[in-house]
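Chemist: Turn this into a structure:
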Amino acid sequence: MKRSTRKDASRNVPAKQASREKQVASHALGEGRLRVAIEHVEPELDGGRYPVKRVVGDTIIVEADLFADGHDMIRGVLRSRHESQDHWLNTPLRPLGNDRWQASFNVTELGQYHYGIVGWVDHFATWQRDMRKRLSAHQDVTVEMLIGKQLIEQAAGRASEALRRRLKDLQAMLSRCDSSPQALLHLLLEEETEEIMADCVDHRLSSSYDRDLIVVVDRPQARFSAWYEMFPRSTTDDEQPHGTFKDCESRLSYIAEMGFDVLYLPPIHPIGETHRKGRNNNPRGDSASVGSPWAIGSRTGGHTAIHSELGSLDDFTQLVAAAHTKGLEIALDLAFQCSPDHPYVTEHPEWFKTRPDGTIQFAENPPKQYQDIFPLHFETDAYPGLWKELREVVQYWIDHGIRIFRVDNPHTKPFLFWKWLIGDVKASYPETIFLAEAFTRPKVMYHLAKVGFTQSYTYFAWRNSKPELTDYFTELTASSVREYFRPNLWTNTPDILTEHLQHGGRPVFMARLALAATLGSSYGIYGPAFELYENRPQKPGSEEYLDSEKYEVRRWDISRPDSLKEFIGLINRIRRENPALQSDGRLQFHPIDNDYLLAYSKQSSDGSNMILIVVNLSPHHVHSGWLELDLATLGIQANRPFQVHDLLTHAYYVWQGPRNYVQLDPHSVPVQIFAVRRDLRREEDFDYYL
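Modeler: From the prediction side, this is the model:
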């Protein structure tokens with residue numbers, strides 16, 4: 001048996017060898033001859049599973065490692081195209097050193113751009129390099145010149161029509177130089193010859209990056225925006241029991257004068273009667289209770305209906321149009337949940353979770369209970385119909401002029417649902433913005449951004465100390481998070497009155513506004529509670545407001561002389577006038593020898609605009625310190641003076657060197673926002689005002 005096995009095995013050798021040779025030959029006809037490796041492409045998110053984000057007008061800088069075996073020279077291109085285009089734009093890669101390469105492309109349209117890297121061995125450039133070395137060594141190059149001519153002949157056989165004509169002209173010139181080796185050599189080594197040959201790539205031997213990378217391009221407001229949240233029912237200034245859309249119109253000038261560009265309205269739909277909440281979240285409301293706008297739905301309709309006391313659909317349409325004339329855009333709340341009275345409950349009971357006793361599961365986050373809200377059950381077998389219906393809800397409001405949605409608690413709905421819904425909406429309406437109200441775990445927040453959300457709420461409200469702010473915003477702006485997560489910093493919300501705001505008085509409201517508006521290019525406030533620095537908690541240790549608007553109509557005296565309206569307006573004007581504050585990518589923190597003082601700067605992408613901010617984090621005491629600037633990073637010459645202009649107080653200072661003194665009194669203005677002028681040259685430039 002053993003002898004027979006060995007004999008059979010020996011007879012099989014030729015067959016196996018032939019099979020291997022066939023496999024190798026087949027392989028060699030394709031990728032087997034590809035020699036360029038492509039690695040570590042940036043930007044790339046999770047191996048290309050998710051797109052990175054930019055806005056119209058951005059330049060996308062792409063880097064990658066490209067290298068090959070041996071010593072041959074290589075070339076590469078960055079390929080890019082908009083999703084609507086069939087052809088690729090090829091941008092040559094330039095070497096950065098140590099096998100790192102870079103190129104860029106501009107994004108000029110909304111939607112998705114695809115990009116990738118292609119690399120190849122450049123045999124002619126290698127030949128030119130080696131020829132110059134041989135000439136320097138005084139070697140005989142007779143055969144090498146023939147090789148150079150041969151490479152050109154081979155290129156002519158695969159070149160495009162236009163390049164083929166140029167190569168034929170080149171070959172004719174080479175033939176005329178045959179009698180003059182010196183002239184022939186000069187022509188072969190010319191830069192123009194190299195450029196022609198560089199375009200004659202043998203694409204069969206080009207290595208392509210093994211995945212398709214995508215960048216989602218949004219409108220500029222996706223990166224730079226100032227949001228104002230307001231309850232429409234609380235816009236009445238008289239004894240009228242309930243505000244209307246007409247009352248909201250009368251507030252538009254007030255909001256626009258403060259410099260906001262997005263007016264966000266909590267749910268405007270009918271409010272359920274069953275288990276309607278009373279004042280201060282009382283689970284037993286009475287006949288006067290107006291209920292929570294987030295308990296959506298009644299016998300009069302659901303998510304595509306309007307609460308009758310606010311007005312009609314025509315009134316809402318008029319509000320949207322009036323807002324546009326003031327430079328404001330209306331954002332609606334997208335809260336996919338229902339009151340027990342919502343038509344879905346009777347029409348589609350399969351969309352809700354039924355408990356063993358036959359009742360529908362109401363919303364809760366133990367120990368919190370929301371008896372007035374039924375969550376939708378996304379694990380139902382009938383989920384396709386549920387998804388379709390919710391997509392139609394979004395479409396309904398898009399058809400009525402809405403292009404910004406603040407999404408309530410998206411982390412309590414499936415990721416795949418949001419990926420599908422947002423992707424489907426943006427395929428037809430790429431200008432649509434989705435803000436995720438997801439106060440949840442970091443990885444969940446980040447994943448929601450990856451699957452499609454344009455912006456996200458953050459932990460800013462609870463980051464108060466210098467280390468907390470520095471660490472958190474370094475993570476948001478200096479790590480890979482910046483490629484896909486756009487923070488929207490909210491000072492307060494109807495749900496969040498932080499302890500810091502409860503005890504700091506007017507100074508802390510000013511400081512938190514300045515931090516939100518300058519640390520982030522997008523931020524928001526819940527007003528008029530913020531500008532009137534409402535700070536009364538429902539009870540000690542609670543972040544809920546006393547007499548919260550979530551459960552009752554409030555009347556606000558927006559004409560109060562101590563309002564922060566003017567301060568907010570000034571901050572927003574500074575943001576609009578300084579490109580450095582309109583993005584987050586170039587945030588830099590600076591050392592200052594006082595733990596209560598936070599210093600940081602931002603620069604515009606071209607470096608022409610630089611803003612330096614110093615904030616007193618203590619609302620109670622004056623603080624001072626020595627600020628240390630990294631002058632080289634900021635583009636400031638160490639031996640030259642530079643001017644800083646406080647844009648809040650209009651004071652001018654001339655500084656020189658890295659260390660400079662600052663002092664901030666929280667009871668006047670707890671922040672200094674300096675415009676930095678680097679190039680003081682004339683004598684009159686040294687004049688300044690105190």
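
Chemist: Would you check that residue 354 makes contact with residue 360?
Modeler: Yes. Contact criterion Cβ atoms under 8 Å: residue 354 and residue 360 qualify, at 5.9 Å. Where C-beta positions appear, they are placed from N, C-alpha and C, glycine not excepted.

Chemist: Looking at these two, which has the bigger crowd around it?
Modeler: residue 360 (15 against 12; other Cβ atoms under 10 Å).

Chemist: tell me the phi and psi of the more buried one?
Modeler: phi -90, psi 140 (degrees, to the nearest 10).

Chemist: Setting aside sequence neighbours, what's the nearest residue to it?
Modeler: residue 352 (4.8 Å; Cβ to Cβ, 6 or more residues apart in numbering).

Chemist: For the one you found, give me phi and psi.
Modeler: Per degrees, to the nearest 10, the backbone of residue 352 is at phi -130, psi 160.

Chemist: Span of stretch 334-352 from start to end?
Modeler: Stretch 334-352 stretches 18 Å from its first residue to its last (Cα to Cα, to the nearest Å).

Chemist: quick check, distance from that stretch to the centre of its chain.
Modeler: Distance, stretch centre to chain centre, for stretch 334-352: 33 Å (Cα atoms, centre = their mean, to the nearest Å).

Chemist: And for stretch 652-668?
Modeler: With Cα atoms, centre = their mean, you get 33 Å for stretch 652-668.

Chemist: So what touches it?
Modeler: 507-508, 510-511, 592, 597, 599, 614-616, 618-631, 638, 640-646, 670-672, 680, 686, 688-690 (Cβ atoms under 8 Å, 6 or more residues apart in numbering).

Chemist: Name the residues of it that are buried.
Modeler: 652-653, 655, 658, 660, 662, 664, 666 (16 or more other Cβ atoms under 10 Å).

Chemist: same check, this time on stretch 199-215
Modeler: 200-201, 206-209, 213-215.

Chemist: now do stretch 451-466
Modeler: 451-458, 460-461, 463-464, 466.

Chemist: same thing with stretch 337-344?
Modeler: 337-344.

Chemist: Let's see which of those end up in strands.
Modeler: 337-338 (DSSP state E).

Chemist: among the buried residues of stretch 337-344, which two are most distant?
Modeler: 337 and 343 (13.8 Å; Cβ to Cβ).

Chemist: sorry, back to before: just give me the closest of the buried residues of stretch 652-668 to residue 69.
Modeler: residue 658 (47.8 Å).

Chemist: can you list the domain ranges for this structure.
Modeler: 2-31, 34-217, 225-579, 587-686 (automatic domain parsing).

Chemist: In helices only, show me the buried residues of stretch 652-668.
Modeler: Applying DSSP state H to the buried residues of stretch 652-668, no entry is found in helices.

Chemist: Export these as CSV, with columns for pLDDT.
Modeler: Formatted as CSV, the buried residues of stretch 652-668 follow (pLDDT from 0 to 100):
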residue, pLDDT
652, 95
653, 95
655, 95
658, 95
660, 96
662, 97
664, 98
666, 97
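
Chemist: With distance to residue 436 added, can I get those in a markdown table?
Modeler: Compiled in a markdown table, these are given as follows (distance: Cβ to Cβ, whole Å):
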| residue | distance to residue 436 |
| --- | --- |
| 652 | 42 |
| 653 | 41 |
| 655 | 41 |
| 658 | 40 |
| 660 | 40 |
| 662 | 36 |
| 664 | 34 |
| 666 | 33 |
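
Chemist: which two in the residues you listed are spaced the farthest apart?
Modeler: Among those, 658 and 666 lie farthest apart (Cβ to Cβ), at 26.1 Å.

Chemist: Okay, now the unreliable bits of the stretch 501-650 of the chain?
Modeler: Applying pLDDT under 70 to the stretch 501-650 of the chain flags no residue at all.

Chemist: Show me where it has its helices.
Modeler: 565-577, 631-634 (DSSP state H, counting those that start in this stretch).

Chemist: Please identify the deepest-packed of these.
Modeler: Compared across the helices of the stretch 501-650 of the chain, helix 565-577 shows the largest average neighbour count, a mean of 18 (mean count of other Cβ atoms under 10 Å).

Chemist: chain center to it: distance?
Modeler: For helix 565-577, the distance to the chain centre is 23 Å (Cα atoms, centre = their mean).

Chemist: Which elements pack onto that helix?
Modeler: helix 245-257, helix 499-519 (3 or more Cβ pairs under 8 Å, 6 or more residues apart in numbering; DSSP states H and E).

Chemist: Can you point out the buried residues in the last one?
Modeler: To tie it back to what came earlier, the one meant is helix 499-519. Neighbour-count burial for helix 499-519 [16+ other Cβ under 10 Å]: 500-502, 504, 506-519.

Chemist: what's the answer for the first one, then?
Modeler: The neighbour-count check on helix 245-257 (16+ other Cβ under 10 Å) flags 245-249, 251-252, 254-256 as buried.

Chemist: How about stretch 321-341?
Modeler: Buried residues in stretch 321-341 (16+ other Cβ under 10 Å): 322-323, 326, 328-341.

Chemist: and after the least confident helix or strand in the chain by mean pLDDT, which helix or strand comes next?
Modeler: Across the helices and strands of the chain, mean pLDDT, DSSP states H and E gives its lowest value to helix 2-28, namely a mean of 51. Per DSSP states H and E, the first helix or strand lying C-terminal to helix 2-28 is strand 36-42.
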